[in-house]
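>>> Coordinates only, no sequence provided:
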């Protein structure tokens with residue numbers, strides 16, 4: 001894949017750090033916007049870390065977005081079960097900045113079981129989606145729906161349960177996957193897929209499930 005300029009939102013989280021590291025290893029220029037720049041203890045000549053709140057949007061986010069080739073979002077609430085409306089507050093700001101700056105490619109990380117992929121989920125995960133994760137998933141669904149209506153070149157990536165396992169490059173991806181038990185995938189493999197498919201036009205306008 002040719003060298004590209006990437007804006008990574010949520011780059012200080014687990015999946016975000018994997019994306020940043022793998023993108024730099026591939027020779028890309030990476031800009032990270034994060035509220036906690038201290039969590040990303042990484043220095044690289046092709047890395048720029050900007051302290052900021054994506055939900056604020058406005059001219060600041062538009063300025064950072066302008067000139068990028070693609071935007072990758074791994075924004076999330078971590079281990080909490082309360083959404084705080086994070087995705088619903090972030091997505092309009094992201095879309096607005098991209099549309100104003102003329103950047104079309106968006107890779108957005110959601111989660112297996114949000115929206116239509118609930119049908120693809122095994123029984124046990126469905127229990128968690130409808131109970132403990134109900135607020136988180138409602139917030140993600142609202143964000144996913146806004147992205148689908150944006151007119152941008154988007155791909156929504158819905159990984160199964162994320163782990164801190166190794167990069168294997170051996171995973172499954174598709175709009176529908178046969179799944180059982182409690183399916184999972186490493187953050188490293190999730191990051192690999194996102195970067196690998198940045199220029200894959202066949203994924204544009206699709207919601208992709210990832211799992212081992």
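Good, I have the coordinates. Everything numeric here is computed off the predicted structure, so don't read it as measured data.
>>> now residue 32: how far from residue 26?
15 Å (CB to CB, to the nearest Å). Glycine gets a C-beta too; all of them are placed from N, C-alpha and C.
>>> of the two, who's got more company?
Legend: neighbour count by other CB atoms under 10 Å for residue 32 and residue 26, higher for residue 32 (27 against 16).
>>> Look up which residues are beta-bridged to the more buried one.
Judged by DSSP bridges, the bridge partners of residue 32 are residue 8, residue 49.
>>> what are the ranges of the strands in the protein?
5-9, 29-34, 47-51, 70-73, 105-109, 153-159, 161-163, 172-174, 184-186, 206-211 (DSSP state E).
>>> Parallel or antiparallel, list what pairs with the fifth one.
Each strand paired with strand 105-109, and its direction, by DSSP bridges: strand 70-73 (parallel), strand 153-159 (parallel).
>>> just to revisit the earlier point, tabulate the strands of the chain (JSON lines), appending mean pLDDT and distance to residue 41.
Below are the strands of the chain laid out as JSON lines (pLDDT from 0 to 100; distance: least, CB to CB, whole Å):
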{"stretch": "strand 5-9", "mean pLDDT": "98", "distance to residue 41": "15"}
{"stretch": "strand 29-34", "mean pLDDT": "95", "distance to residue 41": "12"}
{"stretch": "strand 47-51", "mean pLDDT": "95", "distance to residue 41": "10"}
{"stretch": "strand 70-73", "mean pLDDT": "98", "distance to residue 41": "20"}
{"stretch": "strand 105-109", "mean pLDDT": "98", "distance to residue 41": "22"}
{"stretch": "strand 153-159", "mean pLDDT": "98", "distance to residue 41": "24"}
{"stretch": "strand 161-163", "mean pLDDT": "97", "distance to residue 41": "21"}
{"stretch": "strand 172-174", "mean pLDDT": "98", "distance to residue 41": "30"}
{"stretch": "strand 184-186", "mean pLDDT": "98", "distance to residue 41": "21"}
{"stretch": "strand 206-211", "mean pLDDT": "98", "distance to residue 41": "27"}
